[in-house]
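Q: can't give you the sequence, but here's the structure:
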């Protein structure tokens, strides 16, 4: 059994890597700009929100080495706050989204303080338990509307100018939000901070001995990831005019893990590819009910046993091989 | 004598009883998780699904073959444990050299498959399971009414937990197991078949989960999702106790069940979250857990 190398440590030629990423990004954004004229825009908006969510999750897992099994708490909580701000307080959409993002960032700070006290499997269990606590809070708190959620959230006018009830205006707003989040993550990964984060992932003890306060780096990664996941959740609530319990449920935390694993953890485009595949699968298999869960479970098992690099990870490995040693 | 300081004794002891029942399940499940983690170094996310399978096997036995509760107590752990052995041989054994997180991801996927399959076949409505006739009824203790079946579950779970503790801490087999937890290659060098021991340990832990499922069948309804929310609470229990000690898992399981029962009486709004809050507090002051070692 050959064990795959972590993607980051096989980086051979920085110039080639940078060119690969520039081309990849150009192709991705070109597709996203043309897509709403070909594909059903509502599907695209849903997939973009989840793609951003998965990218945020991947920042923590793929680059920080921390597997959170509770990321739904940030998606869901931000959704509730943004829906509440837009509907009850009458905030315009951009402020409502920022409110949701702020809420998930604060939640991420406190959840992170607790979770980074343990590593590995315990970290996953703690985040899962904290997310379940948030789920019960959302089930019982009066402002979330319990089982009904917050419905009929107004989309409003972006900056008081653009009427978001137009589906294409809404789509390009979502694409803008996705772009901001995606580029922010890209920037973080390639910053000196991102390099330290990768060092901690590879060997935390060595990073500590080099003088890095690793818990601060991990906490910042957790807060950043929570904030960007919240950005996705807050936007999703405005797009679908709904914030509901399903976004805080543990199954959602599992789905984002699946998207990232399938697309390729630790790769920049992997979570986007994974999110589009999973959302497409859910849309096409929706009438099959429980089969969706079974298929998701099978993908998990296959990915873990045979396909640990994910789709984009395998593709990158293929491109590097073809380029020669 | 039913009210002291404004506390209704029957209601309080009723909630305490429910707490003890839940505590039995927490203890049985976290014990299985701890035994599996000790040797395999994976967290078995499938545990909740295997608990559910135990309850379903009991239901099948009663409704398809007419074999009752007492048979189910023996057969369900063996059947579900055997599926665990297959899972370990076919899949988990390929992951031991990798990051432990892959074990968590694999067993999570398996839990989705198992729960999805049962959900597809039986829907989400619960199936009733009749209580065994020998354990119906109950006794009046003066301050509360104690149903016989619930008393049986608590006593039997406690007995199983203590027997497991004895097996691991006080027998020859247990000493091999503990040695293999510390240093598997050295134990193997002494001529003990460690891979087989790992397989059987997984089967045993899974069997404990199935046994808990049979205990639960007459109390709760048998339904595909009965394990998934329980397993998250059990994870919190494991974090609070730490997985270092067998007795620690038992004490934490029962203790947290009782605390949950008390919360249900004094402040019912928090009863769902109290275990998670305790987990947060424990993490702040003793991150390794109450019984865990660094």
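A: Cool, the structure landed. Computed from a predicted structure; not experimentally measured.
Q: any idea how far residue B:260 lies from residue B:18?
A: According to CB to CB, to the nearest Å, residue B:260 and residue B:18 sit 8 Å apart. Any C-beta I mention is one placed from the backbone N, CA and C, and that applies to glycine too.
Q: Likewise for residue A:212?
A: The gap separating residue A:212 from residue B:18 is 48 Å, by CB to CB.
Q: now do residue B:177
A: 34 Å.
Q: Looking at the two, which is more packed in?
A: residue B:177 (24 against 18; other CB atoms under 10 Å in any protein chain shown).
Q: Who's the closest spatial neighbour of the more buried one, skipping the chain neighbours?
A: Of all residues not flanking residue B:177 in the chain, residue B:168 sits nearest, at 6.0 Å (CB to CB, 6 or more residues apart in numbering or on different chains).
Q: I'd like the next helix or strand past the helix or strand containing that neighbour.
A: Using DSSP states H and E, the element containing residue B:168 is helix B:148-170. Sequence order places helix B:172-182 as the next helix or strand after helix B:148-170, per DSSP H and E.
Q: and the residue of chain B nearest chain A?
A: Chain A sits closest to residue B:109 of chain B, with a gap of 2.6 Å, by CB to the nearest CB.
Q: hmm, back to that, for the residue nearest to residue B:177, give its distance to residue B:201.
A: 10 Å.
Q: okay, and the common contacts of those two?
A: B:35, B:177 (CB atoms under 8 Å, 6 or more residues apart in numbering or on different chains).
Q: coming back round to it: tell me the helices and strands packed up against the helix holding residue B:168.
A: When contacts are defined as 3 or more CB pairs under 8 Å, 6 or more residues apart in numbering or on different chains; DSSP states H and E, helix B:148-170 packs onto helix B:9-40, strand B:138-140, helix B:172-182, helix B:194-216, helix B:246-266.
Q: Could you dump those into TSV and include mean pLDDT?
A: TSV is the format used below for those (pLDDT from 0 to 100):
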stretch	mean pLDDT
helix B:9-40	90
strand B:138-140	81
helix B:172-182	88
helix B:194-216	94
helix B:246-266	92
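Q: how about these in TSV, adding distance to residue B:76?
A: Output for the helices and strands packed on helix B:148-170, formatted as TSV (distance: least, CB to CB, whole Å):
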stretch	distance to residue B:76
helix B:9-40	13
strand B:138-140	25
helix B:172-182	23
helix B:194-216	5
helix B:246-266	20
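Q: And for residue A:240, nearest residue in space, chain neighbours not counted?
A: Spatial nearest neighbour of residue A:240, excluding adjacent residues (CB to CB, 6+ apart): residue A:46 at 7.5 Å.
Q: got the contact list for the closest residue to residue B:216 other than its chain neighbours?
A: Excluding the flanking residues, the one nearest residue B:216 by CB to CB, 6+ apart is residue B:55, at 5.8 Å. Contacts here follow CB under 8 Å, 6+ apart; on that basis residue B:55 touches B:76, B:129, B:213, B:214, B:216, B:217, B:222, B:226.
Q: mind checking which helix or strand the first one is in?
A: With elements delineated by DSSP H and E, residue B:76 resides in helix B:69-90, which encompasses its position.
Q: after that helix comes which helix or strand?
A: helix B:100-122.
Q: Counting by contacts, list what that following helix packs against.
A: helix A:120-140, helix A:250-263, helix A:291-306, helix B:47-60, helix B:228-241.
Q: So residue A:174 is in contact with residue A:48, correct?
A: Yes: if you go by CB atoms under 8 Å, residue A:174 and residue A:48 touch, sitting 5.2 Å apart.
Q: if you count what's nearby, which of these two comes out ahead?
A: Legend: neighbour count by other CB under 10 Å for residue A:174 and residue A:48, higher for residue A:48 (29 against 26).
Q: Name the nearest residue to that one, ignoring sequence neighbours.
A: Of all residues not flanking residue A:48 in the chain, residue A:178 sits nearest, at 4.8 Å (CB to CB, 6+ apart).
Q: Provide a list of residues in contact with that neighbour.
A: A:32, A:48, A:49, A:51, A:52.
Q: any idea how far it lies from residue B:26?
A: In terms of CB to CB, residue A:178 sits 42 Å off from residue B:26.
Q: swap in residue B:84?
A: 20 Å.
Q: Then residue A:72?
A: 23 Å.
Q: What of residue A:155?
A: Distance from residue A:155 to residue B:26, by CB to CB: 45 Å.
Q: Equivalent analysis for residue A:163, please.
A: Distance from residue A:163 to residue B:26, by CB to CB: 53 Å.
Q: Which residues of the stretch 101-250 of chain A lie near chain B?
A: Residues of the stretch 101-250 of chain A lying near chain B by CB under 8 Å from any CB of the partner chain: A:114, A:117-118, A:120-122, A:124-126, A:128-130, A:132-133, A:136-137, A:139-140, A:250.
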